[in-house]
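1. sequence? don't have it. structure:
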């Protein structure tokens, strides 16, 4: 008998809380900043992560997250993520991927679009890994001093 997937809400909420804290460390001036780009370098290649503020409201903000590699990837396009920040709850959640409709919390499997049962959790963890890389190894691409 096939077991139904039951989401781990505690794990999902803690991931969203951690992602919110990571984003606020990367963009502490969220109210004034429209975009921030980071370069993350490893010995074999370099990547760029861009955080673009799409919407600002009193209790929520929406950020577009995209990344690219220095030499590009000829066979796999990196997914762009749409992330909603809930300031009153201090949570950041991936609500959809760019060019897709909003993600459901759970998907039956198999399904027409071949979503994994825990796809939303996996995307939030993926976001967390990128944000952690930026915090641990990233360099802001902004000019610090001018003149």
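-> That came in fine, so what should we check first? These numbers were taken from a predicted model, which means no experiment stands behind them.
2. From residue 40, how far off is the residue lying closest to residue 24 once chain neighbours are set aside?
-> Distances taken as CB to CB, 6 or more residues apart in numbering put residue 30 closest to residue 24, at 6.9 Å, once the chain neighbours are dropped. For the C-beta atoms, the positions are set from N, CA and C on the backbone; glycine is no exception. To residue 40, residue 30 is 21 Å away according to CB to CB, to the nearest Å.
3. Quick check: the most centrally placed residue in the chain vs residue 80, distance?
-> Nearest to the mean C-alpha position of the chain, by CA atoms, centre = their mean, lies residue 127 at 3.5 Å. Separation of residue 127 from residue 80 (CB to CB): 11 Å.
4. Between these two, which contacts overlap?
-> The contact sets of residue 127 and residue 80 overlap at residue 65 (CB atoms under 8 Å, 6 or more residues apart in numbering).
5. Quickly find the element holding residue 10.
-> helix 9-26 (DSSP states H and E).
6. mind listing what's buried in the following helix or strand past that helix?
-> For helix 9-26, the succeeding helix or strand toward the C-terminus, using DSSP H and E, is strand 35-41. By neighbour count with 16 or more other CB atoms under 10 Å, strand 35-41 contains the buried residues 36, 37, 38, 40.
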